[in-house]
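**Student:** could you work out the structure for the sequence below:
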Amino acid sequence: MIESKFGNYFEDFEVGQKIRHALSKTIFESDNNLFSLLTMNHHPVHLNQDYANAQQHGKILVVGTLVFSVVVGMTVPDVSGKAIANLNYENIMHNGPVFIGDTLYAETEVLSARESQSKGDRGIVYVETKAYNQNNELILTFRRNVLIPKRK
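**Tutor:** Here you go, the predicted structure:
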């Protein structure tokens, strides 16, 4: 039997390494509606077809924070599955719109990795994640620092 791997240790990350994440997700209308309701984002461009038809894109836009949350989730098995903490997120850029029915894919590049200055059993990995739709159009970019344990 092969043991399933969830997450990586600090030593597994190499600067310049690119990870194409295996997980992907098609965004359904129900995803967008539920997320809008849960987060109290009732902007009509996300929930009202008639309103959205008269706007720039002519159809309902998926809530940007839903896209961000889904993409972060897609990276967990490879980036933060063993993490002690996500220390910060930065430079979150919505590079393009996401619509109902779009499928999201992501890849992450390791920008730097350094040992913790205060605790020797962990390190900080700095990564940039890019997400694309089914047409390989860039739709989201963000960076984060992840606190990851070393192997024991």
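**Student:** residue 112: how many residues sit nearby?
**Tutor:** 12 (other CB atoms under 10 Å). To be clear about C-beta, it is placed using only N, CA and C from the backbone, and glycine gets the same treatment.
**Student:** same question for the one 10 residues further on.
**Tutor:** Neighbour count for residue 122, taken as other CB under 10 Å: 17.
**Student:** any figure for the gap between it and residue 106?
**Tutor:** Computed as CB to CB, to the nearest Å, the residue 122 to residue 106 distance reads 25 Å.
**Student:** ok, now residue 147?
**Tutor:** Counting by CB to CB, the gap from residue 147 to residue 106 is 21 Å.
**Student:** what helices or strands is the longest helix belonging to the chain leaning on?
**Tutor:** Counting by DSSP state H, the longest helix found in the chain is helix 64-75. In terms of contacts (3 or more CB pairs under 8 Å, 6 or more residues apart in numbering; DSSP states H and E), helix 64-75 is packed against helix 29-38, strand 103-115, strand 122-132, strand 138-149.
**Student:** and these: which comes nearest residue 95?
**Tutor:** When the helices and strands packed on helix 64-75 are compared by CB to CB, strand 138-149 sits nearest residue 95, at 4.5 Å.
**Student:** and residue 97, how many neighbours?
**Tutor:** 16.
**Student:** does residue 57 count as helix, strand or coil?
**Tutor:** Secondary structure, DSSP: H, G, I helix; E, B strand; the rest coil: residue 57 is coil.
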